[in-house]
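# okay, predicted coordinates and the sequence, questions at the end:
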Amino acid sequence: MQDLQRQAQAFIEEEISSFEKLPQAGSDRQYYRFNASGKSFIATYSEDLNENKMFLGLAHYFFKKNLAVPEILGQNAEMNFYVQSDLGHQCLLDIVLENGHSSEVKELYKKSLKSLLQFQLCAKDEEFQDLFKSLPIFDYRQMLFDLNYFKTYFLDPTDYSFDEVKLASEFEQIAQKMASKGQDAFMYRDCQGRNIMIKEGSPYFIDFQGGMQGTALYDVVSLFWQAKAKIPLEWKEELLSYYLDEYVAELGGDKDLLEKDYQDIVLLRLLQVMGAYGRRGLVEKKAHFISSIPMGLDNLRIWCKTNSLQDYPELGKAIDYITDDKFLETL
């Protein structure tokens, strides 16, 4: 850690008074908060060089365009360590959990959606094209991977028996349908309350290294359906309408069709999230992800109340099984 502290001090050219490692979340990245001359900074160490290069490239571009991201203050030649400005301790999810679903919190979601759209619109900027085209594509193969991620890490570790061939066929149908929605926006991919910091009443975005060429609506789904935030259904409807009005004003399109696309994308995202909970929770036994499983299942129940899985009967039976109240007793 002393070597990292020395590197950080070289970037900011100030004497560091404290250097503290922060708790790790789902990734292998190591974060440190340090202070120098009364200011706070964040240092990151990661051996995933491709991910680092992607994050730094996006961060430099977004900051140059005056989008709400941290400023990169230094990076080493090996590209495994960098320092950025500190956006504080409070993320959007913290505020939701502390204050509930108040009018002030709803306003923060609206501000976040308005800012999010500006990130997504970068795909139209000529200056962004080389970087945008270097991003992975959220296409048929990626969607199929996400669906199988759910099967491998959530269904397979349980004692549920299902028809592998039928489920695989239904996953292919879902992926084909979803892939037809296009990949013409910068898709944040993991747009959720933990990745939106609130500083002086304004949202700032972090951890966008997983960005893809994809559909803008996926990010909206990720934000609205974050399990721990428990956003009320009426909020989701109001906020979706707000976002789509902004989206159509910028890009055009049919609002009613976009709302139908949104519902389809919700299913895809919820299954991907359950796959993540399964991998990190059921397989790796990480407490945070185990505790999130009941809330993830609640989201599936809520979606199923207003949507049909009649075109995907094998998946429907699987979801009926895992959303049954007795299922959690088997884990």
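Sure thing, it's come through. Numbers count the residues shown, from 1 in each chain.
# next up, phi/psi of the spatially most central residue of the chain, please.
Against the mean C-alpha coordinate of the chain, by C-alpha atoms, centre = their mean, the closest residue is Asp190 at 1.3 Å. Here is the backbone geometry of Asp190 (degrees, to the nearest 10): phi -120, psi 60.
# how about the nearest residue to it, chain neighbours excluded?
Sequence neighbours aside, Gly210 is the residue nearest to Asp190 in space, at 5.2 Å (criterion: C-beta to C-beta, 6 or more residues apart in numbering). Quick note: C-beta positions are derived from backbone N, CA and C, even for glycine.
# so what's that neighbour up against?
Counting by C-beta atoms under 8 Å, 6 or more residues apart in numbering, Gly210 touches 188-190.
# that one and Arg141, how far apart?
16 Å (C-beta to C-beta, to the nearest Å).
# for Tyr32, same thing?
Taking C-beta to C-beta, one finds Tyr32 at 36 Å from Arg141.
# and what of Lys106?
From Lys106 to Arg141 the distance is 37 Å (C-beta to C-beta).
# so for those two, which sits in the more crowded spot?
Regarding Lys106 and Arg141, a neighbour count based on other C-beta atoms under 10 Å identifies Lys106 as having more, with 17 against 12.
# now that one: which helix or strand?
Secondary structure assignment for Lys106, by DSSP states H and E: helix 103-120.
# in that helix, which residues are buried?
Neighbour counts using 16 or more other C-beta atoms under 10 Å place 105-106, 108-109, 111-113, 115-120 of helix 103-120 among the buried residues.
# same check on stretch 35-49?
Buried, per 16+ other C-beta under 10 Å, within stretch 35-49: 36, 41-46.
# likewise for stretch 15-29?
16, 19, 29.
# swap in stretch 51-59?
Neighbour counts using 16+ other C-beta under 10 Å place 51-52, 54-59 of stretch 51-59 among the buried residues.
# please apply the same query to stretch 94-101.
For stretch 94-101, by 16+ other C-beta under 10 Å, it's 95-96.
# need the contact partners of that stretch.
With C-beta under 8 Å, 6+ apart as the criterion, stretch 94-101 contacts 105, 108, 193, 198, 228-232, 235.
# which one (most neighbours) among those?
Busiest of the contacts of stretch 94-101 [other C-beta under 10 Å] is Gly193, holding 24 neighbours.
# tell me the confidence at it?
Gly193 is assigned a predicted lDDT (pLDDT) of 97.
# who's in contact with it?
Counted by C-beta under 8 Å, 6+ apart, Gly193 has contacts 91-94, 96, 223, 226, 228-229.
# all strands for the stretch 151-300 of the chain, in order.
Per DSSP state E, counting those that start in this stretch, the stretch 151-300 of the chain carries strands over the ranges 185-187, 196-199, 202-205, 212-214.
# now the helix or strand that comes right after the helix holding Lys106: buried residues?
Beyond helix 103-120 on the C-terminal side, the first helix or strand identified by DSSP H and E is helix 129-133. Using 16+ other C-beta under 10 Å as the test for burial, helix 129-133 gives 131-132.
# so who does Tyr149 touch?
Tyr149 neighbours (C-beta under 8 Å, 6+ apart): 272, 275-276, 279.
# put the buried members of the residues you listed into a PyMOL selection.
Selecting only the buried entries of those in PyMOL, with 16+ other C-beta under 10 Å as the criterion:
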select buried, resi 272+275+276+279
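# with respect to Gln9, which of the contacts of Tyr149 is nearest?
Using C-beta to C-beta, Ala276 is the member of those that lies nearest Gln9, at 36.3 Å.
# right, I'll leave it there.
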